[in-house]
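K.L.:
Structural data only, the sequence is not supplied:
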């Protein structure tokens, strides 16, 4: 199997990064994590990656001041060094320029702790609770220049329970994140995801209407054979 070479970009503890590393330990998984790159030297995920035998790189954004182009040039050099084919953002707290995103079009993924297009940006769990929604969740999408706006590859929904606080809700959503990120990367690495305008097609079919997701749902659904 020609496994796709993947780099995971992090800024913090790397919980989703760890889930991807775990999935990729299965030699039948179509992607391998060849590098973990952080823009912060104190990111806890760097130690986790090293403990799993993954090469790490530091591209500290503070060394470049406000020069985003220089920072992204260094980031691109690190990706090229490891012959990366797919990039996964996992709590990477830097906005990427349109030029960088264009280089990686349909090859750069992000995970967001909400059911996009609802609750873009930060503090998603607090905002979901304040809005009184009954269902919350997580989304994996292709990255585009607009924040949290790319074509959706996979989503998972969880119930918002009476009495939930941000911590409780975040913990349940995080479990869903771990499930769908490895699924989404698998689908992309297998070449089963294409785009039609602003939406994804999985095996040539559109995803279900995300507005009707029920709690506990993970889309797209895949059988044990991967189809």
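P.N.:
Good, I have the coordinates. Bear in mind that the values here come from a model prediction, so they are computed numbers and not experimental data.
K.L.:
what secondary structure does residue 111 sit in?
P.N.:
Under the three-state scheme (DSSP: H, G, I helix; E, B strand; the rest coil), residue 111 adopts strand.
K.L.:
and it, what does it touch?
P.N.:
Counting by C-beta atoms under 8 Å, 6 or more residues apart in numbering, residue 111 makes contact with 16, 88-90, 138-140, 177, 180-181, 184. Bear in mind the C-beta positions are built from the backbone N, C-alpha and C, glycine included.
K.L.:
distance of it from residue 31?
P.N.:
Counting by C-beta to C-beta, to the nearest Å, the gap from residue 111 to residue 31 is 15 Å.
K.L.:
What residues does the spatially closest residue to residue 30 that is not a sequence neighbour make contact with?
P.N.:
Leaving out its chain neighbours, the residue that sits closest to residue 30 by C-beta to C-beta, 6 or more residues apart in numbering is residue 189, at 3.9 Å. Contacts for residue 189 (C-beta under 8 Å, 6+ apart) come out as 3-4, 6, 30-31, 86.
K.L.:
Most neighbours out of these, which is it?
P.N.:
Most neighbours among those, by other C-beta atoms under 10 Å: residue 6, with 26 neighbours.
K.L.:
Doesn't that one belong to a helix?
P.N.:
No: judged by three-state DSSP, residue 6 forms no part of a helix; its state is strand.
K.L.:
That one against residue 85, yeah?
P.N.:
Yes: Residue 6 lies in contact with residue 85 (C-beta atoms under 8 Å); the separation is 7.1 Å.
K.L.:
Report the residue ranges of every domain in this structure.
P.N.:
1-104, 111-227 (automatic domain parsing).
K.L.:
All the helices of this protein, residue numbers only.
P.N.:
Ranges of helices within the chain are 15-24, 45-51, 68-81, 98-103, 124-131, 166-189, based on DSSP state H.
K.L.:
Tabulate these in TSV, adding columns for distance to residue 146.
P.N.:
Output for the helices of the chain, formatted as TSV (distance: least, C-beta to C-beta, whole Å):
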stretch	distance to residue 146
helix 15-24	21
helix 45-51	26
helix 68-81	16
helix 98-103	9
helix 124-131	17
helix 166-189	19
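K.L.:
okay, the ones you listed, which one's buried deepest?
P.N.:
helix 15-24 (a mean of 22; mean count of other C-beta atoms under 10 Å).
K.L.:
Of the contacts of residue 189, which is the nearest to residue 76?
P.N.:
residue 86 (14.4 Å; C-beta to C-beta).
K.L.:
dump the residue contacts of that closest one.
P.N.:
4-7, 31, 107-109, 185, 188-189.
K.L.:
and it, what pLDDT?
P.N.:
For residue 86, the pLDDT comes out at 98.
K.L.:
could you check the distance from it over to residue 39?
P.N.:
If you go by C-beta to C-beta, the gap between residue 86 and residue 39 works out to 19 Å.
K.L.:
now do residue 23
P.N.:
As defined by C-beta to C-beta, residue 23 lies at a distance of 24 Å from residue 39.
K.L.:
sorry, back to before: any chance of CSV for the contacts of residue 189, columns distance to residue 52?
P.N.:
Listed next are the contacts of residue 189 as CSV, based on distance: C-beta to C-beta, whole Å:
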residue, distance to residue 52
3, 16
4, 18
6, 14
30, 19
31, 15
86, 18
